[in-house]
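Colleague: coords please:
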Amino acid sequence: MEISFKSMEILYLTQKYSKDNHGIQNDLIEALASQNNHLNVVSVDNQINNKYSVEILGNINIYKKKSINLFPKNFVSKALAQFMLPYRLNSVIKKYLKLVEIDFIIYATPPISMYKTLKYCKKRYKAITFLALKDIFPQNAIDLNILTKKSIITKYYKYEEKKLYRLSDFIGCMTKNNIEYMKKEHPDLSVSKLLLFPNTIKSRETHLNFALFNESILRVMQTKSKKFFFGGNLGKPQKISILLDVINYYRNHSQIDFIIAGDGTEASQLKSFIEKNNVLNVHYFGRVSSEMFHQLIMMSDIGIVTLDERFTIPNFPERFLHFLSLGKPILAATDDFTDIKRILQIDAKCGVWISSAKSEYIIGEIQNIVEDKYDLNKLGSNGLEYYLNNYKVEYSVMIIDELFKMSR
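Modeller: Numbering: from 1, shown residues only. Here you go, the predicted structure:
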């Protein structure tokens, strides 16, 4: 798909950026750069050696400032790191980009704490500001009882959230349900600000690289078992307890293997359960490279997506896109508010949806899959077609292009 437009000088603000990762953020940055735009990526990093770092990769300039860990397990430490984030980003911009004329500013949630940086940039550059809304905080934390509705911390975050929304020229929402949610919960926002900006990723080659696998996983590949993949963040939003219930029920089942890759606050529970119970049909890889992540999906028969049933915000996990793009059917146990339910059952017909309220629901559907009650090839093919029509990164680039042309 060829896209043609006047090149832009783009400022991309993010809390974390690694050139070696592949996913929604990196794919968008690289796709924009491939269209002769110039990208200035500003982020922080607790692993760089010096106070600042600069790296130039073609049309992408990457500027970082050293910081403390943004993702500690302790909530207070995490809150402090997020509070300091805009000050660190501002220092990078003032040091390296003071004389650069920016046309378009892109930033995403999380985090919600970008307001001070955005306010400075909007005043300095007079540029178009575009929020890619990937996370609705603090409501997601309220849903999971991490924060209480009336606490001082919640009120502060709500205040920051409203300021960020008001200052943004446009707010790109991942799904139709996200747009409706924003209209309902933020009626003071101009509807003209809201637009559909789906999560997108670029197409990737789908051949297996056997050199990446060890002997044990190669043996699993040669069996006739149904292979279920679960990957990405292993945190509270994913309701890991339901995954543990499934693993326990099908522990050492001869016709089922679980392939798991990822890390997060709840990963220790998973590792401990596997070790204590000597579970032989669960293959846990921890955090892996983007390439290995895709390879593990490709060797699997079906991808699993889980979300806590208490969510009232419409989440849309990135792993869902990877399953679609690699032609894998999806088994999803989620809340009722996510668009995943509608996509699986109606729009794409590419998988099986059940509520995550009870473990028995997903346990029953796994048995149906093992007994070949679903045509997995057809479901996977439907998913790939839906991805090609809706979630290729070129669509995100075209939306940004249209906003730029419309606002000039």
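Colleague: for Ile400, give its distance to Arg124.
Modeller: Here the distance between Ile400 and Arg124 works out to 21 Å (C-beta to C-beta, to the nearest Å). For every residue, glycine as well, the C-beta is placed using N, CA and C.
Colleague: who has more neighbours out of those two?
Modeller: The residue with more neighbours, out of Ile400 and Arg124, is Ile400; 26 against 16, by other C-beta atoms under 10 Å.
Colleague: any idea which element that one lies in?
Modeller: If you go by DSSP states H and E, Ile400 is part of helix 393-407.
Colleague: who are the packing partners of that helix?
Modeller: Where contact means 3 or more C-beta pairs under 8 Å, 6 or more residues apart in numbering; DSSP states H and E, helix 393-407 is packed against helix 24-34, strand 104-109, strand 128-133.
Colleague: so which of these is nearest His207?
Modeller: Evaluated over the helices and strands packed on helix 393-407, closeness to His207 peaks at helix 24-34, with 19.5 Å, by C-beta to C-beta.
Colleague: so what's the residue count around the residue nearest to Ser7 when sequence neighbours are not counted?
Modeller: Distances taken as C-beta to C-beta, 6 or more residues apart in numbering put Asn36 closest to Ser7, at 4.5 Å, once the chain neighbours are dropped. Counted with other C-beta under 10 Å, residues neighbouring Asn36 total 13.
Colleague: can you verify Asn36 is assigned to a helix?
Modeller: No. Secondary structure of Asn36 (DSSP: H, G, I helix; E, B strand; the rest coil): coil, not part of a helix.
Colleague: that one reaches Glu9, doesn't it?
Modeller: No. Counting by C-beta atoms under 8 Å, Asn36 does not reach Glu9; the two are 11.2 Å apart.
Colleague: circling back to that earlier point, tell me the mean pLDDT for the helix holding Ile400?
Modeller: Taken as a whole, helix 393-407 has an average pLDDT of 93.
Colleague: what residues sit buried inside it?
Modeller: For helix 393-407, burial by neighbour count (16 or more other C-beta atoms under 10 Å) applies to Val393, Glu394, Tyr395, Ser396, Val397, Ile399, Ile400, Asp401, Leu403, Phe404.
Colleague: then stretch 174-184?
Modeller: Met174, Thr175, Asn177, Asn178, Ile179, Tyr181, Met182.
Colleague: between the helix or strand where Glu180 lies and strand 128-133, how big is the angle?
Modeller: In the assignment (DSSP H and E), Glu180 maps to helix 176-185. Interaxial angle of helix 176-185 relative to strand 128-133 (axes from the mean of the first three to the mean of the last three C-alpha atoms, to 10 degrees): 110 degrees.
Colleague: which SS state does Val220 fall under?
Modeller: At Val220, secondary structure determined by three-state DSSP is helix.
Colleague: I misspoke; the intended subject was Leu147.
Modeller: coil.
Colleague: that one and Pro317, how far apart?
Modeller: Using C-beta to C-beta, we find Leu147 at a distance of 21 Å from Pro317.
Colleague: for Tyr157, same thing?
Modeller: Distance, Tyr157 to Pro317, by C-beta to C-beta: 22 Å.
Colleague: longest helix anywhere in this protein?
Modeller: Ordering each helix of the chain by length in residues (DSSP state H) puts helix 75-96 first.
Colleague: could you list the buried residues of stretch 239-249?
Modeller: Using 16+ other C-beta under 10 Å as the test for burial, stretch 239-249 gives Lys239, Ile240, Ile242, Leu243, Leu244, Asp245, Val246, Ile247.
Colleague: now do stretch 146-157
Modeller: By 16+ other C-beta under 10 Å, the buried positions in stretch 146-157 come out as Leu147, Thr154, Tyr157.
Colleague: try stretch 24-38
Modeller: Those would be 24-35, 37-38, for stretch 24-38 by 16+ other C-beta under 10 Å.
Colleague: swap in stretch 343-351?
Modeller: Those buried within stretch 343-351 under the rule 16+ other C-beta under 10 Å are Ile343, Leu344, Ala348, Cys350, Gly351.
Colleague: show only the entries of the residues you listed found in helices.
Modeller: Judged by DSSP H, helices contain none of those.
Colleague: narrow those to those in strands?
Modeller: In this view, the buried residues of stretch 343-351 that belong to strands under DSSP state E are Gly351.
Colleague: any chance of TSV for the buried residues of stretch 343-351, columns distance to Glu360 and pLDDT?
Modeller: Output for those, formatted as TSV (distance: C-beta to C-beta, whole Å; pLDDT from 0 to 100):
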residue	distance to Glu360	pLDDT
Ile343	24	97
Leu344	19	97
Ala348	26	97
Cys350	24	98
Gly351	19	97
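Colleague: format the buried residues of stretch 343-351 as JSON lines; extra columns: distance to Ser67.
Modeller: Putting the buried residues of stretch 343-351 into JSON lines (distance: C-beta to C-beta, whole Å) gives the following:
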{"residue": "Ile343", "distance to Ser67": "37"}
{"residue": "Leu344", "distance to Ser67": "39"}
{"residue": "Ala348", "distance to Ser67": "40"}
{"residue": "Cys350", "distance to Ser67": "40"}
{"residue": "Gly351", "distance to Ser67": "39"}
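Colleague: so what touches the helix holding Glu180?
Modeller: Applying C-beta atoms under 8 Å, 6 or more residues apart in numbering, the contact partners of helix 176-185 are 133, 136, 139, 171, 173, 189, 191, 194-196, 313-314, 316, 337-339.
Colleague: mind running it again at 7 Å?
Modeller: The contact list for helix 176-185 (C-beta atoms under 7 Å, 6 or more residues apart in numbering) reads Leu133, Ile171, Cys173, Leu189, Val191, Leu194, Leu196, Ile313, Pro314, Phe337, Asp339.
Colleague: tell me the contacts of the nearest residue to the last one once chain neighbours are set aside?
Modeller: With C-beta to C-beta, 6+ apart as the criterion, Asp339 has its nearest non-adjacent residue at 4.1 Å, and that residue is Thr175. For Thr175, the set of contacting residues under the criterion of C-beta under 7 Å, 6+ apart consists of Pro198, Pro314, Phe316, Asp339.
Colleague: got it, and Phe130?
Modeller: Contacts of Phe130 by C-beta under 7 Å, 6+ apart are Phe104, Ile105, Ile106, Ser168, Asp169, Phe170, Gly172, Leu403.
Colleague: span of stretch 122-137 from start to end?
Modeller: Terminal residues of stretch 122-137 lie 23 Å apart, using C-alpha to C-alpha, to the nearest Å.
Colleague: I'm done for today, thanks for sticking with me.
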